[in-house]
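1. Dropping the sequence and predicted coords here.
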Amino acid sequence: MAVFKYSHVDFVFTCLGLVFLLLDIVLDICAVVSFYREKAYVSLGILLLFLLGSSVLAQLYSWLWYSYEDFHMDTKVESKPSLWQLRLLHVLQLGIYLRHAGVIEVSVSNPGDVAVYLSHDLSMLRLIEAFSESSPQLVLMLTIILQRWQLDPITVLKAIGSASAIAFSLTMYHRSLRSFLPEKENQQVISSVVYFLWNLFLLMSRLVALALFASVLPCFIFSHFFCSWLVLFFFAWRSKTSFMDTPGAEWLYRATVGLIWYFSWFNVAEGRTRTRTLLYHTYILLDVSLLCSLWCWTITTEPSHCGTSLFYPLITAVSVVSVYVLGLLFKIIYYKRFHPNLSKEQLNRVTAETTNNGAVVPVDQSPSRDEVDRMLDDPSDASYSAVPQIVVLRGLSHIDVTDRYAPSPPPPTAVRCNKRMRKMAENFYS
């Protein structure tokens, strides 16, 4: 039995993720066509910027992770393209679909450690897309609805699709984190529900506040984003992250963290993050309050909104801030009731726990390669010491060494452990 189990629920989530991804593309095309027909070229340009920027960012991460593994492929569908064909697929923005196909293939044929390993990378890519594409799109769609004061079918469907994509990505990410928990600490379904709710409340409050501000002061929303991103990027740099395997890619990751933090909190550093989390939520709560206040003041003082009563804007602003506070309460409940506080050593021990017993064989670490848990090769091979990995040996039972006629133990097998998601689990649970 594998240490990391790829359940039927995980397979369903992977298939649903592909369905949502294809559906989101269809809605994107419909939105682009709708804006073009309406001659809303500004909205069209902004939407295309979100779509292309997010796609390039996700494909870049996908290519870097393949390169860290020396393009070692575990599935037939991923092994078929040559190196230049794989590069072309990523240039054509199709690398993510190749990863989806690989996960589905291995989850059907061998739903074990490799399937979990590949699904972890996929969940991380979906999370990056959620905050670089779906979140900005949702702000754009809400802004258009607020400015027009009418519910256009395409705009409403795109807003619902973006919200669904964000919620689905957060759920997949949380399930990936849970796979590193020991069985005795494994969280129940209610923990995922509470996790989903506090993220949903905090994120929706933030997005609505940005949309309200952008609906009355559209030019200033870009200045707000850039200034906020610079501050958040600085703190991501000060957190001394170590997620990627090359210095240049690490700076890209820190820039991405600044983008994610603009919308939602994301653990990126080891150790207790209570102080950093408190500072972040205080900053965002004040920012949400300021954005809602500026919207409330603008909509009641501008001549174009002359005659608007202060009552309804004030109720709206207070409601948005209250939803953020509600999300904070759900987050406190989660950490008080459902969050297992595990040390880094306990999390690392998860990869060594098996049905009977196991042994962890550490191999030389190298910063230029990914920490990939390959199947054990001949130790005399020169490439063996060059591949950083954490190998988990299964099937090592006790045998009396004095009994020379005792049967030889079965050859050890190895369990793959995704280094990137393991780092995220260490940051989240420790």
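-> Right, received. Where do you want to start? Numbering: from 1, shown residues only.
2. who's in contact with the nearest residue to residue 317 once chain neighbours are set aside?
-> With CB to CB, 6 or more residues apart in numbering as the criterion, residue 317 has its nearest non-adjacent residue at 3.7 Å, and that residue is residue 292. Bear in mind the C-beta positions are built from the backbone N, C-alpha and C, glycine included. Counting by CB atoms under 8 Å, 6 or more residues apart in numbering, residue 292 makes contact with 209, 212, 213, 316, 317, 318, 320, 321.
3. Put the buried members of those into a PyMOL selection.
-> Typed into PyMOL, the line below selects the buried ones among the contacts of residue 292, using 16 or more other CB atoms under 10 Å:
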select buried, resi 209+212+213+316+317+320+321
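4. Turn the contacts of residue 292 into TSV, columns for pLDDT, secondary structure and distance to residue 39.
-> Shown next, in TSV, are the contacts of residue 292 (pLDDT from 0 to 100; DSSP: H, G, I helix; E, B strand; the rest coil; distance: CB to CB, whole Å):
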residue	pLDDT	secondary structure	distance to residue 39
209	95	helix	29
212	94	helix	25
213	95	helix	25
316	90	helix	30
317	91	helix	32
318	93	helix	37
320	93	helix	31
321	95	helix	36
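5. Pull the most distant pair out of the contacts of residue 292.
-> In terms of CB to CB, the contacts of residue 292 reach their longest pairwise distance at 213 and 318, which sit 15.6 Å apart.
6. secondary structure element for residue 288?
-> Per DSSP states H and E, residue 288 falls inside helix 274-301.
7. My read is that residue 254 contacts residue 236, right?
-> Yes: with contact defined as CB atoms under 8 Å, residue 254 reaches residue 236; the gap is 4.2 Å.
8. Which member of the contacts of residue 292 is positioned nearest residue 189?
-> For the contacts of residue 292, the nearest to residue 189 is residue 320 (29.3 Å; CB to CB).
9. Next, work out how far apart the nearest residue to residue 295 once chain neighbours are set aside and residue 36 are.
-> Distances taken as CB to CB, 6+ apart place residue 212 nearest to residue 295, at 4.1 Å, with adjacent residues excluded. Using CB to CB, to the nearest Å, residue 212 is found at 27 Å from residue 36.
10. Ok, residue 209 next?
-> For residue 209 relative to residue 36 (CB to CB), the value is 29 Å.
11. any idea how far residue 323 is from the residue nearest to residue 317?
-> 11 Å.
12. If you count neighbours, what's buried in stretch 15-22?
-> By 16+ other CB under 10 Å, the buried positions in stretch 15-22 come out as 17, 18, 20, 21.
13. Against which helices or strands is the helix or strand harbouring the third one packed?
-> Just to be clear, that refers to residue 20. According to DSSP H and E, residue 20 maps onto helix 8-37. Packing contacts for helix 8-37, counted by 3 or more CB pairs under 8 Å, 6 or more residues apart in numbering; DSSP states H and E, involve helix 41-68, helix 95-109, helix 113-129, helix 153-178.
14. Return the set of buried residues in that helix.
-> In helix 8-37, counting by 16+ other CB under 10 Å, buried: 10-11, 13-14, 17-18, 20-21, 24, 27-28, 30-32, 34-35.
15. measure stretch 236-256 end to end?
-> 9 Å (CA to CA, to the nearest Å).
16. out of the buried residues of stretch 15-22, who's nearest residue 204?
-> The nearest member of those to residue 204, counting by CB to CB, is residue 20 at 18.1 Å.
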